[in-house]
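Pasting the sequence and the predicted model now:
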Amino acid sequence: MDQPGRNPARHRHMARVLTVLATVAVSLLVAVDFATADPLPSPITDYGSYPPALPAGCPHGTSALNDLRFSVGSSGPAEELRPLHFEAGDTVTMTWSGFAPGCVDGSGAAAIAVSLAVYETAEATFDPTEDQTLSNWNVCGLAAPSCTYSGLSYVLSVELPPSGVCAMQVDAVLGLPLAIVGPSGSFYSAAARGHGQNRLLSAANFSVESCTTTSTTSTTSTTSVGGAVAPPPMTVDAPSVTTTSPPTVVTGPSGGLSPISIAAGQIEQSHLPVTGTASTHELKVGALMCLTGGVLLLLAYRVRPKIEATDHP
């Protein structure tokens, strides 16, 4: 006969109940953390005051970051973006070992922001007379999520659009990204802008092979009919194929950014609605209730054998 409190089946049942309660509680807490995660800051649209000054003592350009490297897919690492091979849907990653003196605050946290920005362009080469519209971006540092430190370096990544964009430009920059690079916006390079500090770390322009269009040519041969020469050969060009890109949509980092629509000189970010009906406070209360219920069940389970032993000598 089993002794009170030594029933194996009861132990297994209680273990299952506590496991379920703990799983629900942890899931609720994780959902709260995800729902309250800080969003990325919006791109810059105030082009008249661009660029804002860097902290005193923080150098501009590549001198602000130590041991800067780039990679994309299986290409790299390299000191610049330009020699890398880009494909639609690739992930572009930049790493650096640390910030230069003056680019961190008294606690050692970044006093500047660092960004990777992807732009939709009309051509595979940079044309300062054309606008490049922001397609996707990621940023860390000042007024943004903390820069991830992995191993011996900081890491920042951004994804290229998987389709719909035939020519792109990738910029690694100091500070937040520009909504438009070009005459309707501004430029990261001090040389292109004509004033202020240099915010460009590296850049690359490229086209996507799957978007390349081709045309075919057909000809008619010359024949002689009854001693008369037929008309000269006629060359017929197949109609050109025009690729139309869909409206620019921000897909989001790495983690899923809110979609935005970009107009010349202005960018408007739309926020996704909060799903579900429970508020953050209610989710936390629910998690605590699950944990409290588990503790109460455990106490009841420990006390019941003693009561049974008292009732049945």
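The structure has been received and is ready for your questions. A quick note: this is a predicted structure, and the numbers were derived from the prediction, not measured. Numbering: from 1, shown residues only.

Hmm, residue 87 and residue 73 touching each other?
Yes - using CB atoms under 8 Å, residue 73 is in contact with residue 87, at 6.3 Å. (Glycine included, C-beta is placed from N, CA and C.)

For the stretch 151-300 of the chain, give me the ranges with low pLDDT.
Scanning the stretch 151-300 of the chain for pLDDT under 70 picks out 209-300.

count of neighbours near residue 42?
Look at residue 42: counted by other CB atoms under 10 Å, it has 14 neighbours.

now do residue 207
The burial count for residue 207: 16, using other CB under 10 Å.

residues contacting residue 103?
Each residue near residue 103 by CB atoms under 8 Å, 6 or more residues apart in numbering is listed here: 54, 55, 58, 59, 64, 65, 110, 111, 112.

Please check those and keep the buried ones.
Using 16 or more other CB atoms under 10 Å as the burial test, the contacts of residue 103 include 54, 58, 59, 64, 65, 110, 111, 112 as buried.

how much space between the last one and residue 44?
Read it as residue 112. Distance from residue 112 to residue 44, counting by CB to CB, to the nearest Å: 14 Å.

now do the first one
Relative to residue 44, residue 54 is positioned 14 Å away (CB to CB).

same thing with the fifth one?
If you measure residue 65 against residue 44 using CB to CB, the figure is 20 Å.

same deal with the fourth one?
Residue 64 sits 18 Å away from residue 44 when distances are taken as CB to CB.

before we move on, what about the third one?
Counting by CB to CB, the gap between residue 59 and residue 44 amounts to 21 Å.

Pull stretch 167-175 out as CSV, backbone CA atoms only.
Output of stretch 167-175 as CSV, limited to C-alpha atoms (Å, rounded to 0.1, in the frame of the first residue of the first chain):
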residue,chain,number,x,y,z
ALA,A,167,18.9,48.4,-59.0
MET,A,168,20.0,49.2,-55.4
GLN,A,169,22.4,51.3,-53.4
VAL,A,170,23.6,50.2,-49.9
ASP,A,171,25.1,52.9,-47.6
ALA,A,172,26.8,52.4,-44.3
VAL,A,173,26.7,55.7,-42.4
LEU,A,174,27.1,57.5,-39.1
GLY,A,175,23.8,58.7,-37.7
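
Can we start the residue count at 17 from this point?
OK, 17 is where the count begins now, so the last one is stretch 183-191.

Show me where the stretch 17-166 of the chain has its helices.
Under the criterion DSSP state H, counting those that start in this stretch, the stretch 17-166 of the chain contains helices at 24-51.
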